[in-house]
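[1] Sequence first, then the predicted structure:
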Amino acid sequence: MTYLDNAATSWPKPECVYRAVDRFNREIGANPGRGSHRKTIEAGMLVLETREMLAGLFNVKDSSRIVFMPNVTYALNLALKGILNPGDHVVISSMEHNAVARPLHALEQTGVEVSVVQCAPDGSLDLRDVELAVKANTRMICMLHASNLTGTIMPVEEVGRIAKERGALFLVDAAQTAGVLPIDVEAQHIDLLAFTGHKGLLGPQGTGGLYIRPGLEVRPLVEGGTGSLSEELSQPDFLPDRFESGTPNTPGLAGLGAGVRYLLEVGIEKVRRHEQELTELLLCGLKEIKGVTLYGPCDSRRQTAVVSLNVAGLDCGELCFMLDRNYGIISRSGLHCSPLAHRTIGTIKKGTCRLSPGFFNTPEDIEKTVRAVAEIARESKW
């Protein structure tokens, strides 16, 4: 089997991730921060180590500013609903995922104003349009780091600078880029960074988090037991406890820690270089196939390892089904939870087939995929 759906979730994981999850479940198994016995202390140390490694990866000075969430969608909801109030204005791009678009649609019903900056058909953004969208009541600019549909990499540092100069907060959705592209919350002027653990960070599903800049007031979405200040009915006001109620996914966080440690040892630059080479090979091969339409920048320097395509005469779901059934190639069809992006690139009525290689794919995987698409396109009635 050739797995090319890493934009949905990375697979396989490094062996150390499987071992870390298994070790926690078999040998530790305790609830972190609840009690003083040796196992709860060991569990707490695992969570702390994961938090500190992520802080190092993102250049976060105080690791307590990284709060763990079940996924990046939860983190984005916290950042948006925990900050925005009626009368506030937020600027987003037309490439945003439903993890941003749907919470903001709900907030619009309460009086939050949303402006969508239209991107080009390849998903790219004109910074002048961002500047023009900012108003006196703009509270936040929210933007993905790279598109899950086209892979288009956004100019986050430049947008962050605009937000800072105009007095707005900058929220970055790093679902597709954490562990794949360098992220520096200081250099890129990022106030809030939402990330998932199960994609580029190579951790298990059910892990993610949010970095919150010091001095920023955010309302919690959930209150409950934290293992701290238990005599008080009010939620603790310090991080990470303010946003981490209930038993965490400690086995998942142990696995996430192993994934991040693996990345730090390998180096983000090596990951990016390998995925860029695979993307270039895929783009070059697909461009030569008659009947294939590619979307996005079609330039491995300007996109992550995400390639969307259609084959003339075939529904995208049929294409993905045939790739799986006949060739053992795993891909993703449909709208990818990104209708705004599909409207931007002109595929809202038909969707696309998305191929997304990862760090553990090989050039042979890509060559096999190009041959498969070529055979399918040749046999398609168009």
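    Happy to help now that I have it.
[2] Do a quick rundown of the helices in this protein.
    15-23, 38-58, 72-81, 98-108, 127-133, 156-165, 250-266, 268-287, 316-327, 339-345, 363-379 (DSSP state H).
[3] list the contacts for the closest residue to Cys119 other than its chain neighbours?
    In space, and not counting its chain neighbours, Cys119 is closest to Ser94: 4.8 Å by CB to CB, 6 or more residues apart in numbering. (Each C-beta comes from the backbone N, C-alpha and C, glycine too.) Contacts for Ser94 (CB atoms under 8 Å, 6 or more residues apart in numbering) come out as Val116, Val117, Gln118, Cys119, Leu340, Ala341, Arg343, Thr344.
[4] returning to what we had before: and the helices of the chain: which comes nearest Ile190?
    helix 156-165 (5.9 Å; CB to CB).
[5] ok, how many other residues are close to Leu57?
    20 (other CB atoms under 10 Å).
[6] care to break this structure down by domain?
    2-10+268-379, 15-266 (automatic domain parsing).
[7] what's the span of the longest one, first residue to last?
    With CA to CA, to the nearest Å as the measure, domain 15-266 spans 14 Å from end to end.
[8] For it, the averaged confidence score.
    For domain 15-266, the mean pLDDT works out to 97.
[9] Ok, stretch 366-382 next?
    For stretch 366-382, the per-residue pLDDT averages 93.
[10] Kindly report the same for stretch 309-325.
    Stretch 309-325 comes out at a mean pLDDT of 97.
[11] what's it in contact with?
    286, 291-295, 329-334, 347, 350-353, 355, 369, 372-373, 376-377, 380-382.
[12] among these, which are in strands?
    Among the contacts of stretch 309-325, the members falling in strands (DSSP state E) are Val292, Thr293, Leu294, Tyr295, Ile329, Ile330, Arg332, Ser333, Gly334, Thr352, Cys353, Leu355.
[13] ok, for Asp122, nearest residue in space, not its chain neighbours?
    Nearest to Asp122 is Pro297, by CB to CB, 6+ apart, at 5.0 Å.
[14] so what's Leu210 up against?
    Ile66, Val67, Met69, Ala75, Leu76, Leu78, Ala79, Leu192, Leu193, Ala194, Phe195, Phe243.
[15] ok, so of those residues, who is nearest Ala99?
    Leu76 (4.9 Å).
[16] quick one: contacts for the closest one?
    Ala99, Val100, Pro103, Leu171, Asp173, Ala194, Leu210.
[17] neighbours of the fifth one, just the number please.
    This points to Asp173. Neighbours of Asp173 (other CB under 10 Å): 30.
[18] measure the residue most central in space within the chain to His198 for me?
    In the chain, the centroid-proximal residue (CA atoms, centre = their mean) is Ala175; its distance is 0.5 Å. According to CB to CB, to the nearest Å, Ala175 and His198 sit 10 Å apart.
[19] Next: Ala99.
    For Ala99, the distance to His198 - CB to CB - is 14 Å.
[20] Which neighbouring elements make contact with the longest strand along the chain?
    Ranked by residue count and defined by DSSP E, the top strand of the chain is strand 138-144. Counting contacts by 3 or more CB pairs under 8 Å, 6 or more residues apart in numbering; DSSP states H and E, strand 138-144 is packed against helix 72-81, strand 89-93, helix 98-108, helix 156-165, strand 169-173.
[21] Columns distance to Leu57 on top of those, output as a markdown table?
    Formatted as a markdown table, the helices and strands packed on strand 138-144 follow (distance: least, CB to CB, whole Å):
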| stretch | distance to Leu57 |
| --- | --- |
| helix 72-81 | 15 |
| strand 89-93 | 24 |
| helix 98-108 | 21 |
| helix 156-165 | 16 |
| strand 169-173 | 14 |
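[22] Quick one: closest of the ones you listed to Gln205.
    Closest among these, using CB to CB: helix 72-81, at 11.4 Å.
[23] Check which residues of the closest one are buried.
    If you call a residue buried by 16 or more other CB atoms under 10 Å, then helix 72-81 has these buried ones: Val72, Thr73, Tyr74, Ala75, Leu76, Asn77, Leu78, Ala79, Leu80, Lys81.
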